[in-house]
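Peer 1: Test case, fold it:
(chains A and B)
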There are 2 protein chains.
Amino acid sequence: MSGPMISLTIQHRCGKARAGTLVTAHGEAATPAFMPVGTAGTVKGVTPEQLRGAGVQIVLANTYHLMLRPGAQTVSRLGGVHGVMGWPGPILTDSGGYQVFSLAARRTIDDEGVTFQSHIDGSMVGLTPGRAIETQQLLGADVIMQLDECPPAEAGREQVAAAVRRSADWAVVCKQAWQEADGRSRRLDGQTGLPQALFAIQQGGVHLDLRAQSARRIVELDLPGYAVGGLSVGEDRGAMYEVLDGMDELLPADRPRYLMGVGEPRDILAAVLRGADMFDCVLPTRNGRNAQAFTWQGRMRLRNARWAEDPLPLDQRCDCYTCGHFSRGVLRHLFMASEMLGPTLLTIHNLHFFASFMAAIRRGIAAGDLEAKARQWTDAIYAQADDAGAEG
Amino acid sequence: MSGPMISLTIQHRCGKARAGTLVTAHGEAATPAFMPVGTAGTVKGVTPEQLRGAGVQIVLANTYHLMLRPGAQTVSRLGGVHGVMGWPGPILTDSGGYQVFSLAARRTIDDEGVTFQSHIDGSMVGLTPGRAIETQQLLGADVIMQLDECPPAEAGREQVAAAVRRSADWAVVCKQAWQEADGRSRRLDGQTGLPQALFAIQQGGVHLDLRAQSARRIVELDLPGYAVGGLSVGEDRGAMYEVLDGMDELLPADRPRYLMGVGEPRDILAAVLRGADMFDCVLPTRNGRNAQAFTWQGRMRLRNARWAEDPLPLDQRCDCYTCGHFSRGVLRHLFMASEMLGPTLLTIHNLHFFASFMAAIRRGIAAGDLEAKARQWTDAIYAQADDAGAEG
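Peer 2: Next up is the predicted model:
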């Protein structure tokens, strides 16, 4: 491992679960940590002040979107991704690979990298492992990710095995590019680059032997952190948990473990119990924009007529800005009138829910009773509050 | 005048200009005051906390929109317009008449009132002077407006004279409805109604004799405040100023004077110099959503490519949240990427500009040099910063 660009200090353990502190050049985040997604350099609809107020400590931004618009060089001239987001705290950028596979119109992949058509202006763009790192050096996040190949859930074993091999080969190239820059970001605005931690990504689909093979290849690179990729892409939940069962043994105990694209509170819980430290997902923000609220009593669809004259907050025990100032009836009105404030307020509430959920998980680890709490929470959170007693 | 439901204390005078404090049941607002427009129970894209942070002290909400959706009774059950907006400070509601003329699909008007087709669901709705007041009693704003008829700028003298007569007749009916409720709001959520001040509206287009006639009719009603309506509807700026020249003599000096639908900073200045106290307009919010920023150095169109890599804030002397955290380049990116945060941040900045502009006007009145400053400000504010030196 090259330099102290990031450290994870583990304070509590409870079975395989760990609670600690991730330290970066831009401050700390308590783990297990949930990272809201700031796709194009903004967590949609909320200011950094509102993010902070919701209890968020670390956010993710998408390299794919930022490299296409406004472009990595422009981001760097505007103060890097911290400057663009107006967020002074820890940021992680993905490599761009995942969006190439899910968003780009046409793409060809070979051992060198991937060529794709921009979904914004139709131009052809090349992304190699080296370019993914150079781009992320310009963006300047605290944690950067290797370029990997993430096969779809329906991929056959052969295709998954090829992706494991290719992703591991790319991890080597990425490590080299990262080391050549001394593990630092590159600023075009005259500022000094800051330490960046490179994470490698395990692939292997639901094939446990391929997962083991992938882990061996990347762990030997001795990088600051490791991610589990290629899950939550449509596979069966049981198969995902089986892969996670092996994670603790395959990935080093002293490095952060990031489960990419997860997600659902129950899957976060399951993964924490199996030793994961970091998560990201669009769920709180996307669902918030679509009028769905997470609460400890279940999910609420705010367009439902039953809330039209309800003077109570979404959740009477919630201390977020939204619950402190707006009733269910008002929130429903804002959505029915297509007012921007509806998505903003529900995003704030959902982000606060996820931050509180992670804080409760951390307390459960510290208290040593997370497993007992987990089932209780899951039953409550997955109730549908629209259908039954969420009156108080 | 029935009871102390609102008072205007004038602290400073400078020519016809007055600076003072408007006191309502929900707190105070310094005058001259600008009221941002919260059409459907929200100032679009900003939270009450952001409104307050931008320096806003009093806001306006549209009776037309709220009576159609979610409905005045629902608003009352949800805590009135203060509850719906999440805004504890002073609020003024218009009567709904203006939107009937500008938004409703079909309408017929007679001496009883107006019948129109809802632009939301196509249903036919009736609005009489009595119903306008009853509706505003349910909404519960601190200042409520009489129903009036506002003819378009191209209306002939006959039509304007008829509107003057009809509006004055309606003012009588409105006063009666207001007095019957003891000048108080009506709450369906179990709370006690609070004092509301009724303002009458002067009409008369650009005809000075009709303006005088209109003023005489409404002033004899001895109401808590008076508005000048029917201006800024497309008439020549000089003609508007001529009407305002007569205002100070026609409307009582001890009551607030509200110039409806204005507006442009230069028109606000001109009207303050002629004795106006209150203003409302969608300009800061609508222009903000459309990427246009107001600054003391001129207007900026944030989609302009010249701002793409500009690391400076919109206005280096501005202390709003947006200027404290985001550069011109970032704001441009947010608009180019169609991110909600762009409209939100520019709305915050523009609201802060208008609040600062009004504060500067109040200081100018207190210092006695408003007229000298007015021309200087206007020249600067109406420069086009996109075309020339707004670098710093």
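
Peer 1: going forward, measure contacts between C-alpha atoms and count neighbours the same way
Peer 2: OK.

Peer 1: Can you check the pLDDT for A:Thr192?
Peer 2: pLDDT, A:Thr192: 94.

Peer 1: can you tell me which residues contact it?
Peer 2: Contacts of A:Thr192 were listed using CA atoms under 8 Å, 6 or more residues apart in numbering or on different chains, and they are A:Arg186.

Peer 1: Kindly report the residues of the stretch 201-350 of chain A close to chain B.
Peer 2: Proximity of the stretch 201-350 of chain A to chain B, by CA under 8 Å from any CA of the partner chain, involves residues A:308-311, A:325-327, A:329-330, A:333, A:337, A:339-341, A:344.

Peer 1: from the residues you listed, which ones fall inside helices?
Peer 2: Per DSSP state H, helices hold the following members of these: A:His325, A:Gly329, A:Val330, A:His333, A:Leu341, A:Thr344.

Peer 1: Closest to B:Leu103 out of the residues you listed?
Peer 2: A:His333 (20.0 Å; CA to CA).

Peer 1: B:Gly71 is in contact with the closest one, correct?
Peer 2: No - using CA atoms under 8 Å, A:His333 makes no contact with B:Gly71, being 9.9 Å away.

Peer 1: These two: which has the busier surroundings?
Peer 2: More neighbours surround A:His333 than the other of A:His333 and B:Gly71, with 28 against 17 (other CA atoms under 10 Å in any protein chain shown).

Peer 1: Tell me if I'm right that A:Met145 and A:Asp94 touch.
Peer 2: Yes - A:Met145 lies in contact with A:Asp94 (CA under 8 Å); the separation is 5.2 Å.

Peer 1: Counting neighbours, go ahead and name the busier of those two.
Peer 2: Neighbours were counted for A:Met145 and for A:Asp94 using other CA under 10 Å; A:Met145 has more, 28 against 23.

Peer 1: separation between that one and chain B?
Peer 2: For A:Met145, the distance to chain B equals 24 Å [CA to the nearest CA, to the nearest Å].

Peer 1: and that residue, what is it in contact with?
Peer 2: Applying CA under 8 Å, 6+ apart, the residues near A:Met145 are A:Thr93, A:Asp94, A:Ser95, A:Ile133, A:Leu198, A:Phe199, A:Ala200, A:Ile201.

Peer 1: Surely the fifth one is in a strand?
Peer 2: Pointing back at A:Leu198 there. Yes - counting by DSSP: H, G, I helix; E, B strand; the rest coil, A:Leu198 is part of a strand.

Peer 1: quick one: it from A:Thr93, how far?
Peer 2: Distance of A:Leu198 to A:Thr93, computed by CA to CA, to the nearest Å: 10 Å.

Peer 1: Kindly report the same for A:Thr347.
Peer 2: Taking CA to CA, one finds A:Thr347 at 21 Å from A:Thr93.

Peer 1: Which one's more surrounded, those two?
Peer 2: Applying other CA under 10 Å to A:Thr347 and A:Thr93 shows that A:Thr347 carries more neighbours, namely 32 against 25.

Peer 1: For that one, which non-adjacent residue is spatially closest?
Peer 2: A:Gly288 (4.5 Å; CA to CA, 6 or more residues apart in numbering or on different chains).

Peer 1: what's the neighbour count on the one you found?
Peer 2: Considering only other CA under 10 Å, A:Gly288 is surrounded by 25 other residues.

Peer 1: Flag the shaky bits of the stretch 1-150 of chain A, pLDDT-wise.
Peer 2: Residues of the stretch 1-150 of chain A meeting the criterion pLDDT under 70: A:1-5.

Peer 1: tell me which element the residue nearest to A:Thr347 is part of?
Peer 2: With secondary structure defined by DSSP states H and E, A:Gly288 is part of helix A:283-289.

Peer 1: List the buried residues for that helix?
Peer 2: Neighbour-count burial for helix A:283-289, counted by 16 or more other CA atoms under 10 Å in any protein chain shown, picks out A:Leu283, A:Pro284, A:Thr285, A:Arg286, A:Asn287, A:Gly288, A:Arg289.

Peer 1: residues contacting the third one?
Peer 2: Spelled out, it's A:Thr285. Listed by CA under 8 Å, 6+ apart, the contact partners of A:Thr285 are A:Pro36, A:Val37, A:Val43, A:Lys44, A:Thr347, A:Asn350, A:Leu351.

Peer 1: Could you measure from the residue nearest to the first one when sequence neighbours are not counted over to B:Pro70?
Peer 2: When you say that, I think you mean A:Pro36. In space, and not counting its chain neighbours, A:Pro36 is closest to A:Val59: 5.2 Å by CA to CA, 6+ apart. As judged by CA to CA, A:Val59 and B:Pro70 stand 36 Å apart.

Peer 1: Could you check which of these two has the larger neighbour count?
Peer 2: More crowded of A:Val59 and B:Pro70, by other CA under 10 Å: A:Val59, with 25 against 21.

Peer 1: in terms of contact, does that one touch A:Gly38 like I think?
Peer 2: Yes - A:Val59 is within contact range of A:Gly38, at 6.8 Å (criterion: CA under 8 Å).

Peer 1: returning to what we had before: can you tell me which of the ones in helices among the residues of the stretch 201-350 of chain A next to chain B is nearest B:Ile120?
Peer 2: A:His333 (13.6 Å).

Peer 1: Number of residues surrounding A:Gly122?
Peer 2: 12.

Peer 1: how much space between it and A:Ala105?
Peer 2: 8 Å.

Peer 1: what about stretch A:308-321, how long is it end to end?
Peer 2: Stretch A:308-321: ends 20 Å apart by CA to CA.

Peer 1: Could I get the buried residue list for it?
Peer 2: A:Ala308, A:Glu309, A:Asp310, A:Pro311, A:Leu312, A:Pro313, A:Leu314, A:Asp315, A:Cys318, A:Asp319, A:Cys320, A:Tyr321.

Peer 1: repeat for stretch A:32-42
Peer 2: For stretch A:32-42, the neighbour count (16+ other CA under 10 Å) marks A:Pro32, A:Ala33, A:Phe34, A:Met35, A:Pro36, A:Val37, A:Gly38, A:Thr39, A:Ala40, A:Gly41, A:Thr42 as buried.

Peer 1: now swap in stretch A:40-55 and tell me
Peer 2: By 16+ other CA under 10 Å, the buried positions in stretch A:40-55 come out as A:40-48, A:50-52, A:54-55.

Peer 1: Okay, domains of chain A per the record?
Peer 2: Following the assignment in automatic domain parsing, chain A carries domains at A:7-31+A:62-281, A:292-381.

Peer 1: Highest neighbour count among the ones in helices among the residues of the stretch 201-350 of chain A next to chain B?
Peer 2: So for these (other CA under 10 Å), the most neighbours sit at A:Val330, 30 neighbours.

Peer 1: OK, contacts around that one?
Peer 2: A:Val330 is in contact with A:Ala308, A:Glu309, A:Pro311, B:Leu78, B:Val84, counting by CA under 8 Å, 6+ apart.

Peer 1: What of A:Gly79?
Peer 2: Here A:Gly79 is in contact with A:Arg187, A:Asp189, B:Pro311 (criterion: CA under 8 Å, 6+ apart).

Peer 1: The last one - nearest residue in space that isn't next to it in sequence?
Peer 2: What sits nearest to B:Pro311 in space, not counting adjacent residues and going by CA to CA, 6+ apart, is B:Ser327, at 5.1 Å.

Peer 1: Look up phi and psi at A:Phe116.
Peer 2: phi -140, psi 160 (degrees, to the nearest 10).

Peer 1: A:Ala355 and A:Leu188: what is the separation?
Peer 2: Computed as CA to CA, the A:Ala355 to A:Leu188 distance reads 34 Å.

Peer 1: if you count what's nearby, which of these two comes out ahead?
Peer 2: Each of A:Ala355 and A:Leu188 has its neighbours counted (other CA under 10 Å); A:Ala355 has more, 20 against 16.

Peer 1: which residue packs closest to the residue in the stretch 151-300 of chain A positioned nearest to chain B, ignoring adjacent ones?
Peer 2: Here the stretch 151-300 of chain A gets closest to chain B at one residue, A:Asp189, 8.9 Å apart by CA to the nearest CA. Distances taken as CA to CA, 6+ apart put A:Arg77 closest to A:Asp189, at 4.6 Å, once the chain neighbours are dropped.
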